[in-house]
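Colleague: What follows is a predicted structure for the sequence shown.
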Amino acid sequence: MCILALNYKETLKVFEQKPLGSDNCRGAGIRTRDFLLPKQARCRAALRPVVRSVSIMRRMKARQATKLISFLLALLTGLCACSPSNQPAPTLASLPLTVSRTPEVILTPLPRPTATQLTCLTNPGRVEEGILESTDPPQEFLIYLPPCYDERTDQRSPVLYLLHGQTYTDDQWIRLGAVDVIDELIRTGESIPFIIVFPDDRYWNLPAGPGFGARLVDDLIPYIDLTYRTIPNRNQRAIGGMSRGAGWALQLGLTRWDLFGTIGLHSLAVLQKDASRIPKWLADIPASSRPRVFMDIGDNDPELSMAQLVEAQFNEYGLSHEWHLYSGAHTEEYWSAHVQEYIRWYTEGWNNPTLNQ
């Protein structure tokens, strides 16, 4: 409505122009560019837009026309004033709006055990047979691989070498329950998974017998580290044995302290000629590389006196160790009664790494 009122104001301007003369066209609403036309053309151009308005004015008196125009203007002004102030604004053409969002932070959860891994943890480990043909005689062994060994191909494990007693073979520790114990400890989360190697020393009374130690450290250990996913350092490698096997563990553990950080001596039977060498072996071990040692024996064991002598030498040279004197003899019944204690002790060094430092 306000736009219409402006048009009427323009009409009023026309009414207020001077009366047209027959010979004079100036002031008759001619646009600036119309003065470039001939005189008669200029007059026609000026008169054309307002012919109807002039004819109305000729029929009215001046006062009546003025009152009419004033009335119309007042009416239009009122209509403009009465128009609602909250009329919707003219709709403008909408421009495409591009909203720039802050990139969302996507958190990647830590890997969780898969169903396969969880299932394999409930299964026991497995024991495989092996033979090293490069030695003379070929070195046979059994090896225990913990649960999920095949599934967790990126995981390496500590390794324990368990040596059997004289007249026995590489399956002695398995028959006494060592594998059952470690399976249960891993299943219940009381131990990290680790590998056990059971080397065979069946040639103990043959010419090849004395070469067992060299075959173990020079050939078997490098082969195991190359073939299986072990952690190849002394703090993650242990050696232990019962009877004659404990004799080998004593010799190899003290002379190759660079290979073994843990030594287990169960019903120790010291090898011939080794008794006099023990003091020198102890003196040659750097203080920072002294192994962790466990000793136990039955009070009815024929090797008790020699074991006590070795234990006294440990004290003399300041080698920290555990000493256990139990009731029992030099028999499988004694060892099977303590096998769980043995395996738990080995695992403590890996579950609590500060013990091996």
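Modeller: Looks like it came in fine.

Colleague: can you give me the strands for the stretch 51-200 of the chain?
Modeller: Secondary structure of the stretch 51-200 of the chain by DSSP state E, counting those that start in this stretch: the strands cover 126-132, 139-145, 159-163, 195-199.

Colleague: Mean pLDDT for those strands - can I get that in a markdown table?
Modeller: Listed next are those as a markdown table, based on pLDDT from 0 to 100:
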| stretch | mean pLDDT |
| --- | --- |
| strand 126-132 | 97 |
| strand 139-145 | 98 |
| strand 159-163 | 98 |
| strand 195-199 | 98 |
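
Colleague: Could you say which of those strands is packed most deeply?
Modeller: Among those, ranked by average contacts under mean count of other Cβ atoms under 10 Å, first place goes to strand 159-163 (a mean of 27). The C-beta positions use only the backbone N, C-alpha and C, and glycine is treated the same way.

Colleague: and it, what does it pack onto?
Modeller: Applying 3 or more Cβ pairs under 8 Å, 6 or more residues apart in numbering; DSSP states H and E, one finds that strand 159-163 makes contact with strand 195-199, helix 221-227, strand 237-242, helix 244-255.

Colleague: right, and Trp335 touches Leu176 too?
Modeller: Yes - look at Trp335 against Leu176 with Cβ atoms under 8 Å: they come within range, at 5.6 Å.

Colleague: Do a quick rundown of the helices in the stretch 251-357 of the chain.
Modeller: 278-284, 304-316, 332-351 (DSSP state H, counting those that start in this stretch).

Colleague: contacting residues for the closest residue to Gln313 other than its chain neighbours?
Modeller: Excluding the flanking residues, the one nearest Gln313 by Cβ to Cβ, 6 or more residues apart in numbering is Ile278, at 5.5 Å. With contact set as Cβ atoms under 8 Å, 6 or more residues apart in numbering, Ile278 has these partners: Leu250, Leu254, Val270, Val310, Gln313.

Colleague: Closest one of those residues to Arg292?
Modeller: Leu254 (12.7 Å; Cβ to Cβ).

Colleague: Let me know how buried the nearest residue to that closest one once chain neighbours are set aside is, in neighbour terms.
Modeller: Distances taken as Cβ to Cβ, 6+ apart put Trp281 closest to Leu254, at 3.9 Å, once the chain neighbours are dropped. Trp281 has 17 neighbours, counted by other Cβ atoms under 10 Å.

Colleague: Could you do Asp225 as well?
Modeller: 16.

Colleague: my guess is Val293 meets Tyr317, correct?
Modeller: No - using Cβ under 8 Å, Val293 is not in contact with Tyr317, being 11.5 Å away.

Colleague: Low-confidence ranges, this protein, go.
Modeller: The chain contains residues with pLDDT under 70 at 1-118, 355-357.

Colleague: again, only this time at 50
Modeller: For the chain, applying pLDDT under 50 flags the ranges 1-60, 80-85, 87-113, 115-117.

Colleague: how does it divide up, domain by domain?
Modeller: Residue ranges for the domains of the chain, per automatic domain parsing: 2-81, 115-356.

Colleague: Deepest-packed of these, please.
Modeller: domain 115-356 (a mean of 18).

Colleague: and the helices and strands packed on strand 159-163 as JSON lines, adding distance to Pro138?
Modeller: Shown next, in JSON lines, are those (distance: least, Cβ to Cβ, whole Å):
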{"stretch": "strand 195-199", "distance to Pro138": "12"}
{"stretch": "helix 221-227", "distance to Pro138": "12"}
{"stretch": "strand 237-242", "distance to Pro138": "21"}
{"stretch": "helix 244-255", "distance to Pro138": "18"}
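
Colleague: Just tell me which of the ones you listed ends up closest to Asn351.
Modeller: Set against Asn351 and scored by Cβ to Cβ, these come closest in strand 237-242, at 12.8 Å.

Colleague: CA atoms only: put that closest one into CSV for me.
Modeller: This file holds the C-alpha atoms of strand 237-242, laid out as CSV (Å, rounded to 0.1, in the frame of the first residue of the first chain):
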residue,chain,number,x,y,z
ARG,A,237,66.1,-68.2,29.4
ALA,A,238,66.3,-70.6,32.3
ILE,A,239,67.8,-74.1,32.8
GLY,A,240,66.9,-76.6,35.4
GLY,A,241,67.2,-80.4,36.0
MET,A,242,66.7,-83.2,38.4
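
Colleague: quick one: contacts of it?
Modeller: 158-165, 172-173, 221, 230-231, 246-249, 252-253, 259-267, 294, 335, 342, 346, 349.

Colleague: what does stretch 139-150 give?
Modeller: For stretch 139-150, contacts defined as Cβ under 8 Å, 6+ apart pick out 117, 120-132, 155, 157, 170-171, 174, 179, 182-183, 186-187, 193-200, 202, 215-216, 219-220, 224, 228-229.

Colleague: measure Asn315 to Thr122 for me?
Modeller: Distance, Asn315 to Thr122, using Cβ to Cβ, to the nearest Å: 45 Å.

Colleague: swap in Gln172?
Modeller: 28 Å.

Colleague: Good, we can wrap up now.
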